[in-house]
Each structure stands twice: as C-alpha cells, then as structure tokens.
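> Just to be clear, the model below is a prediction. Sequence and coordinates:
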Amino acid sequence: MADGHLNKCSECCKRDVKKHREENLEYYKNYDRKRNSLPHRIEARNIYQKTIQGKNAGRKAKIKWKMNNLDRRAAHVIFENAIKKGQIIKKPCEICGSVYRIHGHHDDYTKPLEVKWLCSKHHKEVHKNVKRQTRGSDSIPAV
C-alpha cells in the first residue's frame, strides 16, 4: 500500500506465502538449486566451513548422517576393512579406465563387497543421476 503496510496481519501473510510455496514447489526447488550454486554463495560456504562454527556444524551433520544411514555406514566400514585386509583390490574406473581417486560405488548396501569401481568424477555423476531419479518420486518431503 502507499503507506508501506499490507492490508493483512503478519500471520495471514505467512500463511499465504507458505501456501504459494506449496502450490509452486517444483519451481522453488529449482530456484533454490540454482541459487545454491551461485559463485558468491559457494565461496561463502567454503569460508564458513573453515570457521569453528562451520567445523562444528560439519561434525554434527556427519554424526546425523551416520545415525540416519546405519545400513550404508555398516556397508562402508565392511568394505573399507576388506580393502585394508587385502581381500579386495581396487580396480580402474569402469567408465573411463582411470586409476586415480577410485571409489567403490554400492548399488545395494545389503551386499557391501559388491561395488562398481568409479573414479571420483564418474562417482559424482552416478549420484547426481540417482538424485534426479528420486526427485521425481514422492520420496522427498515438502518443505
């Protein structure tokens, strides 16, 4: 309005904003993804991660991930121990043949010793594709 005020209370305004976001959720998810990858935001995150608060937040996030993904963590530990004991030997990337920065990718965490060998670049691509596929499903809760 001309006087700088809305013709509704703040609670009504919050309700309307929340409703609009829910009705246009896909748009806002895409907007947030693009906004998150802006160079100044990436730089700010990197700077924050080097602060004490950022390091503590990172530790808390890792602990939370471990608690929420017990099956994945168990598979990783079993797999890492098998590599250390020499029961499994790293192989080149199955996509490009690279022998540098090789990761074992689990398609099924109930089979911790069965992995695809991928370089870090291709491992990230596989996880991006998996995220894209799950985004289309109803598995992601509404924000």
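Thanks, I have it. Predicted model, so just to flag it, every value in this text is computed and none were measured.
> Any stretches of the chain with poor pLDDT?
136-143 (pLDDT under 70).
> all helices for it, in order.
Ranges of helices within the chain are 10-23, 25-36, 39-49, 52-68, 70-85, 120-135, based on DSSP state H.
> quick one, domains of the chain?
Following automatic domain parsing, one finds the domains of the chain at 9-53, 69-137.
> Could you export those as JSON lines, including mean neighbour count and distance to Met1?
In this view, the C-beta of every residue, glycine as well, is placed from N, C-alpha and C. Below are these laid out as JSON lines (neighbours: other CB atoms under 10 Å; distance: least, CB to CB, whole Å):
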{"stretch": "domain 9-53", "mean neighbour count": "10", "distance to Met1": "13"}
{"stretch": "domain 69-137", "mean neighbour count": "13", "distance to Met1": "39"}
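> Distance to Ala61 added to those, as TSV?
Shown next, in TSV, are the domains of the chain (distance: least, CB to CB, whole Å):
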stretch	distance to Ala61
domain 9-53	11
domain 69-137	12
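> right, so of those domains, which gets closest to Lys60?
Comparison of those against Lys60 by CB to CB identifies domain 9-53 as nearest, at 10.5 Å.
> how distant is the closest one from the center of its chain?
Computed by CA atoms, centre = their mean, to the nearest Å, the separation of domain 9-53 from the middle of its chain amounts to 15 Å.
> what sits opposite Leu118 in the beta ladder?
With DSSP bridges as the criterion, Leu118 is bridged to His103.
> The residue positioned nearest the centre of the chain and Ala82, how far apart?
For the chain, the residue nearest the mean C-alpha position is Lys131 (8.2 Å; CA atoms, centre = their mean). Lys131 sits 27 Å away from Ala82, going by CB to CB, to the nearest Å.
> what do you get for Trp117?
Taking CB to CB, one finds Trp117 at 14 Å from Ala82.
> Return the residues in contact with the nearest residue to Ile83 once chain neighbours are set aside.
With sequence-adjacent residues excluded and distances taken as CB to CB, 6 or more residues apart in numbering, Ile83 is closest to Lys90, at 7.0 Å. By CB atoms under 8 Å, 6 or more residues apart in numbering, the contact list for Lys90 reads 83, 102, 104, 117.
> that older thread, now distance to Lys111 too, for the helices of the chain, in a markdown table please.
As requested, the helices of the chain are exported to a markdown table (distance: least, CB to CB, whole Å):
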| stretch | distance to Lys111 |
| --- | --- |
| helix 10-23 | 39 |
| helix 25-36 | 32 |
| helix 39-49 | 34 |
| helix 52-68 | 20 |
| helix 70-85 | 8 |
| helix 120-135 | 17 |
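> Sweet, I'm off.
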